[in-house]
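Q: what follows is a predicted protein model with its sequence.
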Amino acid sequence: MSVCRFVACTVLATATGSVACAAIINVPGDHPTIQGAIDAAVGGDEIVVQAGTYHERINLKGKAIKVRSTDPANPAIVSSTIIDADDLGSCVKCNSGESSATIVDGFTLRDGSGTALGENRFGGGVYVAGGADPTIDRCVIRDCTAFAGGGVYIVNGSPLIARCTIRDNTALDGGGLNIALSSARVRGCRIFANTADYGGGMSTHAGGSEFTNCLFYDNVGGTWGGAGWIECGSICELNDCTIANNTSPVGRALRVDSEAKPVIANSILWLNGGVNQISQASDGVATLLFCDYEGGWSGEGSSNISTNPLFANAGADDYHLNAGSPCLNNGSNALVPPGVTTDLDGNNRFVGIVDRGCFERPAALDEEGNSEHPDLTSFELLVLILQAWGPCMPGAGCPYDLNDDGEVGLDDVVIVLNDWE
């Protein structure tokens, strides 16, 4: 049996009684660089990276390993555990058949300039190709540039991009993300302040990618597609998304062409220039279902409205829904993708009928002590309070903090018990 630094050995129940070791490799304790730790790792190993700035570009080399910061759930740790590519290539590269067991979790990826293919560069922050299906989780991808996919470039892959912030990236095509010939899943991501000539927030080219519980705002498409450009037969889904305050001369929210057929469901498109939010070429057809579309949607689809969604404070980039929003309890549960149970904040998505947009407004009490979701019992509300117990996360919304003291705790339980029904 090989010697492992750590500690996690599992005896396999085989006739030979072989033993497999999964190592925890520390950076810089065991290796001074992240790439050095990856080179030394074998399948099943976990690489834990201490806070600091690592001036390198990493390649996962097809290994089923997890590379993470010390606490990916802590934004302060994520912001201080940095892979800085120094404009010399992609921060993270997966192009050797990586599977979903290849995980990069809890880093800030910055100053990437992409992987060179011919005369152009692709994927400033993350480059995924060659049938790779890695998981990129809880990362901040920012200040990267490329010809295509300033933040993320995916071609011939099916990765999961989850709970990431993709911001301030630039490209000619797809400032935040560029997805080609792929079936990527982008879930629970904040995509904002990205810039491209075509598709400021994202672009998709063929394939069947999915965006769920995503927030697109302040993205700029210099020619078309402020939040995104969907083309070349792409069957893209946007589910439970909020698309607001994006801009472009053509398609301030989305540009759809070249036989693309996106389906947009349970979503809010507001503050993107009204009726011109989605620009469709003659051969591009978007279908909207259970959306709130400013100016009214006259294209394909059904059950759409055009009523102010009552954002909490759009001027301060807070797109949570206020009480009384027409989007509350007004979506379609059947249109939520299988396996999705929470919203962008991690709150329960299914509180009665789902809300439209990326944020579910969980049940809470109004000033008179009445539930804002009358179909929720006091017992169910109490259970949700217990699940949300603890300090409120800044900027994340805290609907179970019934007395607005900055945390969900005993005082909120008392409010529910006093109004028990």
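A: On my side now, so go ahead.
Q: which of the residues in stretch 252-265 are buried?
A: 252-257, 260-265 (16 or more other C-beta atoms under 10 Å). Bear in mind the C-beta positions are built from the backbone N, C-alpha and C, glycine included.
Q: make JSON lines from those and add pLDDT to it.
A: JSON lines is the format used below for these (pLDDT from 0 to 100):
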{"residue": "R252", "pLDDT": "96"}
{"residue": "A253", "pLDDT": "98"}
{"residue": "L254", "pLDDT": "98"}
{"residue": "R255", "pLDDT": "97"}
{"residue": "V256", "pLDDT": "97"}
{"residue": "D257", "pLDDT": "94"}
{"residue": "A260", "pLDDT": "95"}
{"residue": "K261", "pLDDT": "95"}
{"residue": "P262", "pLDDT": "96"}
{"residue": "V263", "pLDDT": "97"}
{"residue": "I264", "pLDDT": "98"}
{"residue": "A265", "pLDDT": "98"}
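Q: among the residues you listed, which are in strands?
A: Of the buried residues of stretch 252-265, the ones assigned to strands by DSSP state E are 254-256, 263-265.
Q: what's the most distant pair in the residues you listed?
A: By the measure C-beta to C-beta, R255 and A265 form the most distant pair in these, at 19.0 Å.
Q: so I141 is in which element?
A: Here I141, judged by DSSP states H and E, is contained in strand 140-142.
Q: what is the nearest of the ones in strands among the buried residues of stretch 252-265 to N308?
A: Nearest to N308 out of these is I264 (C-beta to C-beta; 18.9 Å).
Q: the closest residue to the closest one other than its chain neighbours: which element?
A: Counting by C-beta to C-beta, 6 or more residues apart in numbering, I264 lies nearest to L238, which is 4.6 Å off, once chain neighbours are set aside. Per DSSP H and E: L238 is located in strand 237-239.
Q: same check on V413?
A: Here V413 is assigned to helix 410-418, by DSSP H and E.
Q: list the buried residues for that helix?
A: Of the residues in helix 410-418, 412-413, 415-416 count as buried by neighbour count, 16+ other C-beta under 10 Å.
Q: out of those residues, flag the one nearest to Y198.
A: After measuring the buried residues of helix 410-418 against Y198 - C-beta to C-beta - the closest member comes out as D412, at 47.4 Å.
Q: quick check: that closest one vs G390, distance?
A: 11 Å (C-beta to C-beta, to the nearest Å).
Q: again, but for I353
A: 28 Å.
Q: the more surrounded of these two?
A: Legend: neighbour count by other C-beta atoms under 10 Å for I353 and G390, higher for I353 (13 against 8).
Q: residue contacts, that one?
A: Residues in contact with I353 (C-beta atoms under 8 Å, 6 or more residues apart in numbering) are 329-333, 375.
Q: now these: which count as buried?
A: The buried subset of the contacts of I353 (16+ other C-beta under 10 Å) comprises 329-331.
Q: by pLDDT, give me the weakest of the residues you listed.
A: By pLDDT, N329 ranks lowest within the buried ones among the contacts of I353, coming in at 91.
Q: quick check, distance from the helix holding V413 to the centre of its chain.
A: In terms of C-alpha atoms, centre = their mean, to the nearest Å, the centre of helix 410-418 is found 34 Å from the chain centre.
Q: which other helices and strands contact that helix?
A: Applying 3 or more C-beta pairs under 8 Å, 6 or more residues apart in numbering; DSSP states H and E, one finds that helix 410-418 contacts helix 378-387.
Q: got the angle between the helix it packs on and helix 410-418?
A: Angle of helix 378-387 versus helix 410-418, following axes from the mean of the first three to the mean of the last three C-alpha atoms, to 10 degrees, is 170 degrees.
Q: give me the distance between Y400 and N330.
A: Using C-beta to C-beta, Y400 is found at 21 Å from N330.
Q: equivalent analysis for C358, please.
A: Counting by C-beta to C-beta, the gap from C358 to N330 is 15 Å.
Q: A23 contacts E46, doesn't it?
A: Yes: A23 lies in contact with E46 (C-beta atoms under 8 Å); the separation is 7.5 Å.
Q: next, the distance between the ends of stretch 151-164.
A: 11 Å (C-alpha to C-alpha, to the nearest Å).
Q: in it, what's buried?
A: In stretch 151-164, counting by 16+ other C-beta under 10 Å, buried: 151-155, 157-164.
Q: for the chain, what are the low-confidence residue spans?
A: 1-21, 363-377, 393-399, 404, 419, 421 (pLDDT under 70).
Q: tell me how it divides into domains.
A: 46-321, 362-421 (automatic domain parsing).
Q: R349 is nearest to which of those domains?
A: So among the domains of the chain, domain 46-321 is nearest, using C-beta to C-beta, at 7.5 Å.
Q: centre of the chain versus that closest one, how much separation?
A: Its chain's C-alpha centre and that of domain 46-321 lie 8 Å apart, by C-alpha atoms, centre = their mean.
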